[in-house]
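In: Sequence and predicted structure, then a few things I'm wondering about:
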Amino acid sequence: MEGDQQADLVLELDQTDDSDPMLNWEELFGNTHPVEIEIGIGKGRFLIEVAQNHLQVNYIGIERAAKYLRLAQARSLRRDLKNIRLIRADALDFIEFFVPVESVSAIHLYFPDPWPKKRHHKRRLFNKSFLTEVERVLENRGRLWIATDHQDYYVAMLEALEGSSCLREIDLEWPMIKTNYEDKYISQGKVIHRRILEKIRNKR
């Protein structure tokens, strides 16, 4: 039984045939609940806690590090969470090729790798290409949640957001649930930069 649960929990993506690769959330989760995506879940602390607190929401967790994905998988299984699916993938590729248009109610991006050296900036996830895909997959009134401790990266994020045709900043209380990185950086006295944006079609 546990083997079946593990198979269901971790998504296996296939681009080798000619069929439409876009995922069907209703088929995947067996319901029509809203879908939220967390990019870079680490050990899954935020994802698991928010999934436990919001059982009527489905969550997709993306993580490239296999050891962290396995930890998040084991923790989700111990809690018997039916509203989580995990995927080891490049975040931009996953969103571009597998996430249907206007099918996601929220995207969470917390403390992405800042690639601080200037020659590595091209490796940063948050750029115009990423933002284009976020705008495509968020439903109307869907939200993008971002947080980083890296001032330079935050400025680059804001510069990319200035070119958005449909995302606007909104004022909401930040959730109490923290990632492991957030706790670490707060304990080090670092400033945490946050922003919540909402998709509005035909934004003025």
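Out: Looks like it came in fine. If you're wondering where the values come from, they're calculated on a predicted model, not measured in any experiment. Residues are numbered from 1 along each chain as shown.
In: in its sheet, what does the biggest strand by length in the chain sit against?
Out: Identified as the longest strand of the chain according to DSSP state E is strand 138-148. According to DSSP bridges, strand 138-148 has the following sheet partners: strand 104-110 (parallel), strand 193-199 (antiparallel).
In: Same question for that strand: list its buried residues.
Out: 138-139, 142-148 (16 or more other C-beta atoms under 10 Å). Bear in mind the C-beta positions are built from the backbone N, C-alpha and C, glycine included.
In: which one of the strands paired with strand 138-148 is the most hemmed in?
Out: strand 104-110 (a mean of 22; mean count of other C-beta atoms under 10 Å).
In: which residues are in contact with it?
Out: Contacts with strand 104-110, where a contact means C-beta atoms under 8 Å, 6 or more residues apart in numbering, come from 34-40, 46, 57, 125-126, 134, 137-139, 142-148, 179, 181-182.
In: partner residues bridging the residue nearest to the spatial centre of the chain?
Out: By C-alpha atoms, centre = their mean, the chain has its centre lying nearest to Glu38, at 2.3 Å. Beta-bridge partners of Glu38, counted by DSSP bridges, are Gly61, His108.
In: That one and Tyr185: what is the separation?
Out: Using C-beta to C-beta, to the nearest Å, one gets 18 Å for the distance from Glu38 to Tyr185.
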